[in-house]
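Asks: here is a sequence together with a model predicted from it:
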Amino acid sequence: MLKVGIIGLGKMCSIIAKKLVAEGHEVLAYDVRPERLVLKGVKGFDNAEDVARSSDVVVLAVKPKDVDKALECVKDAGLIVSIAAG
């Protein structure tokens, strides 16, 4: 199974994270709002860089104004998938 990192655990990615956990994947996440990191089965991180380093795939789900900063944080990740709006 994959280690899937999620940067931005809002409404859309919370649903994705729950499905990934149910499928048996390890889900690692970072969000600027730490209260979002309490999803069952999701391992929360204090920063996006550690999520990127620890994941096979990184999903970016941030607001358009935050995309550049998020990309800088995950620049060393292997596969990056963006579902950021815009």
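Replies: That came in fine, so what should we check first? Numbers count the residues shown, from 1 in each chain.
Asks: list the buried residues of whatever helix or strand Lys18 lives in.
Replies: Secondary structure assignment for Lys18, by DSSP states H and E: helix 11-22. By 16 or more other Cβ atoms under 10 Å, the buried positions in helix 11-22 come out as 13-14, 16-17, 20-21. Any C-beta I mention is one placed from the backbone N, CA and C, and that applies to glycine too.
Asks: all strands for this structure, in order.
Replies: With DSSP state E as the criterion, the chain has strands at 3-7, 26-30, 42-44, 57-60, 79-82.
Asks: reformat those into a markdown table and put distance to Lys69 and mean neighbour count next to each item.
Replies: Listed next are the strands of the chain as a markdown table, based on distance: least, Cβ to Cβ, whole Å; neighbours: other Cβ atoms under 10 Å:
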| stretch | distance to Lys69 | mean neighbour count |
| --- | --- | --- |
| strand 3-7 | 10 | 25 |
| strand 26-30 | 12 | 23 |
| strand 42-44 | 19 | 17 |
| strand 57-60 | 11 | 23 |
| strand 79-82 | 13 | 14 |
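Asks: any chance of these in TSV, with mean pLDDT and distance to Leu71 too?
Replies: As requested, the strands of the chain are arranged in TSV below (pLDDT from 0 to 100; distance: least, Cβ to Cβ, whole Å):
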stretch	mean pLDDT	distance to Leu71
strand 3-7	96	10
strand 26-30	96	14
strand 42-44	96	21
strand 57-60	94	7
strand 79-82	86	8
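Asks: below-threshold pLDDT in this structure: ranges please.
Replies: For the chain, applying pLDDT under 70 flags the ranges 86.
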